[in-house]
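> here is my input; please provide its structure:
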Amino acid sequence: MRKLVFFFSLVFNFLSYTLYAQSTGTPAKPSGSGTEESPYHITTADELLYFAAVVNGNVSSIAQNQGAYAVLDDDIDLSGVCGAGKGSWTPIGYGKSKFTGVFDGHNHTISNIYISGGNVPGMGLFGKMTNAEIKNVTLGSGSISSYEECVGGIVGIGTGKIVNCHNYADVTSSNKFNGGIIGYMGKDSYIERCHNEGKINSTTSDKSLFGVGGIAGAASANTIITDCYNIGSITGMSSRVGGVVGSAEDCIITNCFSYGDVESTVDDYGGGLYGYSYSKTKVENSYYYNRWTSSNEQPELKLSKSAFNNGEVFDLLSAKSPKVWQQKSGKYPIYVDDVDPITTYKKEYTDLCEGDGIEFDGQILREAGTYIAGNSPSGGDTLVINVIKPSTYAFEKTIVDGEAYVFGIEILTEAGVYTETIKGGSANGCDSIVTLTLEVVPPVFDKVNESICEGDSIEFDGQYFRVAGTYIVGNSPFGGDTLVLSVSKQGKSEIEMTIVKGDEYLFGGQSLTEAGVYTDVVEGGAESGCDSIVTLHLNVVEKDSVGSTIQPFVFFSPNDDGIEDTWTIKNIESYPEAKVYVYNRWGKLLFETEGYQNETNAWDGTYKNTKCPSADYWYIIDIESLDMQLKGHLTLVR
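Here you go, the predicted model:
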């Protein structure tokens, strides 16, 4: 048996991959203009071809309108425009086009549809629909087969409403999503009072190409399938095969049943009512009877054949939808023949804002519910009211004591909870209630501590300050921001240096050779960061003077290159009792030693094993035996 099925699959796929030949009829314009007020009135196959061309935009002489309206005024036989040797029917909403309008079949039948192959997803009487409505049409005898995904009798793929539609055509696919009414129904859609009696067949054994169902191959989130049934046989070689829905992807199945045989040769995720169910799928008052058995059996939904034959299932279904069902003697429930509540009477849905009213059948209705006009035993026009409560939005706001906040038409200054109703403020047009929680807090002012150098100024809240003190800025009765300002004076330091006559000493960018007192301003040299005034007392002695042979180098670069890595004091070895001190510009002692030796204990430019930065440093060489101090500065460069 599996070999035979596999052989058939190969043959089908070979034939499906042949060139997709489209229908050969000649489009004839029907009466009407395709608007809601003046829909196209279709009576022939050629006029249906014209409607398809309007939606698809594939005939240059016919203006495209994907949102066109159309009604059937007669039964239509498609055998004259499609069939073996004539080409396939071109779906309404084909390729990149999507049907977005309304199609009302007026309870007429379209027979002898023929589709073979296809080169885009979405094959059926309609290919693709987006938020469209298709209702009151029966697809009679015919054959639809394709290797593309999303194949259905009425529609291949889409979103919107499908109401009171029935399929008797056989639907075959070698790809995923294959259904009697629709291949794949997108989210937030609606299928009501539809049934399938055609054979639905999947010929692929690839489990990734799943989704075969009597009503829908797959139905997505929040899609409602209600008052629908299947009595056609469902056969699948792939995964997720079900009597009503193959892959139930968080949809709602209510008041439905399947009585047709369901079988899958791979026995993987198959079931009498649905093949595979996502966690949020809801199944209500729905049942099945068939020969299916698998690991995914749904015993809570399966009823006996006698329960269907003797009216037990009819009682369960009609308890929820009393005007939809009747019992077919000795068989199963079917739709009521003598009363068609969907087509004979109008059924409308309306959203009503809470507190508003709507006139229906001489009454003003304000409550949610289903209302049927008149008192005829056969029913009447139906109005389903959904009452929408006002949307609510809450937020919090904090203001400072003394400030005001505008809310609606109120000017608020005190803490509390306030509400405002905005008429028509919701996206759906209903009222919106906004709640404000207002908090009033004492003012908070900044207190800033700043320091500047003498002669500088600082900007604070738009004002400039130069003198030390505490300032409160602002004219609020509650106070203001506070500035605590300190002013640092310039730093002062003195150094003394003795050089041999004929030598020079570099100080503040000057090369000095004569004795005297010199000054230099070192920017940011004070410990406070302000400028510092350095005073140099320079002595010049004869070469033979005591201690004049000591010559401290004014530059060294401790970068570990073997050149001037330590501070050299020439001839210091002649005075082993000499004490050497090194200071930074703020007077901090960084180095001291007695018996300075250039080769052993010379300063390497560190303080407590931390490298000192490139800068000028000051030194004192104290030779106590000669009662002499040599003072000066050196430069460290890294």
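
> any chance you could map the helices in the stretch 301-450 of the chain?
For the stretch 301-450 of the chain, the helices defined by DSSP state H, counting those that start in this stretch occupy 305-309, 312-320.

> let's have those in CSV, adding mean pLDDT.
Listed next are the helices of the stretch 301-450 of the chain as CSV, based on pLDDT from 0 to 100:
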stretch, mean pLDDT
helix 305-309, 91
helix 312-320, 92
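
> just the pLDDT for the closest residue in space to N196 that isn't next to it in sequence.
What sits nearest to N196 in space, not counting adjacent residues and going by CB to CB, 6 or more residues apart in numbering, is G180, at 2.9 Å. (Glycine included, C-beta is placed from N, CA and C.) You'll see G180 listed with a pLDDT of 96.

> ditto for the one 5 residues further on
Here, the pLDDT recorded for M185 equals 97.

> neighbours of it, how many?
Residues lying near M185 (other CB atoms under 10 Å) number 34.

> how many neighbours does N609 have?
6.

> show me what the closest residue to G243 other than its chain neighbours is bridged to.
Leaving aside its sequence neighbours, G243 sits nearest to S258 (CB to CB, 6+ apart; 2.6 Å). Beta bridges link S258 to N230, Y288 when assigned by DSSP bridges.

> tell me the contacts of S258?
214, 229-231, 234, 242-244, 272-273, 288-290 (CB atoms under 8 Å, 6 or more residues apart in numbering).

> my guess is A68 contacts F51. True?
Yes: under the criterion of CB atoms under 8 Å, A68 makes contact with F51 at 6.9 Å.

> which neighbours do those two share?
Each of Y40 lies in contact with both A68 and F51 under the rule CB under 8 Å, 6+ apart.

> please identify which of those two sits among more neighbours.
F51 (27 against 22).

> the more buried one should be in a strand, yeah?
No: going by DSSP: H, G, I helix; E, B strand; the rest coil, the assignment for F51 is helix, not a strand.

> gap between it and F126?
Separation of F51 from F126 (CB to CB, to the nearest Å): 11 Å.

> what residues are shared contacts of those two?
By CB under 8 Å, 6+ apart, the residues touching both F51 and F126 are I92.

> pull out the buried residues from the contacts of S258.
Listed as buried from those are 214, 229-231, 234, 242-244, 272-273, 288-290; burial here means 16 or more other CB atoms under 10 Å.

> of all these, which comes closest to L626?
Using CB to CB, G242 is the member of the buried ones among the contacts of S258 that lies nearest L626, at 112.7 Å.

> so what's that closest one bridging to?
Assigned bridge partners for G242, using DSSP bridges, are G213, G271.

> wait, it sits on I253?
No: taking CB under 8 Å as the definition, G242 is not a contact partner of I253, at 9.6 Å.

> find residues that contact each of these two.
L273, Y274.

> coming back round to it: who touches the residue nearest to N196 in this structure?
Contacts of G180 (CB under 8 Å, 6+ apart): 152-153, 167, 171, 196-198, 200, 213-215, 230, 232.

> now pLDDT, secondary structure and distance to P558 too, for the residues you listed, in a markdown table please.
Shown next, in a markdown table, are those (pLDDT from 0 to 100; DSSP: H, G, I helix; E, B strand; the rest coil; distance: CB to CB, whole Å):
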| residue | pLDDT | secondary structure | distance to P558 |
| --- | --- | --- | --- |
| G152 | 97 | strand | 86 |
| G153 | 96 | coil | 92 |
| N167 | 96 | strand | 94 |
| V171 | 96 | strand | 90 |
| N196 | 96 | strand | 93 |
| E197 | 95 | coil | 99 |
| G198 | 95 | coil | 95 |
| I200 | 94 | strand | 90 |
| G213 | 94 | strand | 86 |
| G214 | 95 | coil | 91 |
| I215 | 97 | coil | 89 |
| N230 | 96 | strand | 93 |
| G232 | 93 | coil | 96 |
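
> list just the nearest of those residues to I224.
In terms of CB to CB, no member of those lies closer to I224 than I215, at 11.8 Å.

> what about that closest one, distance to I181?
With CB to CB as the criterion, I215 and I181 are 5 Å apart.

> where in this structure is pLDDT low?
Counting by pLDDT under 70, the chain shows low-confidence ranges at 1-23, 266-268, 291-298, 337-345, 374-380, 475-479, 525-527, 542-549.

> so what are the domain limits for it?
Under the assignment automatic domain parsing, the domains of the chain span 2-302, 347-388, 391-441, 447-488, 491-636.

> what's the most buried one of the ones you listed?
Neighbour counts (mean count of other CB atoms under 10 Å) averaged over each of the domains of the chain peak at domain 2-302, with a mean of 22.

> could you dump the contacts of G180 into TSV and include distance to I452?
Shown next, in TSV, are the contacts of G180 (distance: CB to CB, whole Å):
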residue	distance to I452
G152	82
G153	87
N167	89
V171	88
N196	89
E197	95
G198	92
I200	88
G213	82
G214	87
I215	83
N230	89
G232	92
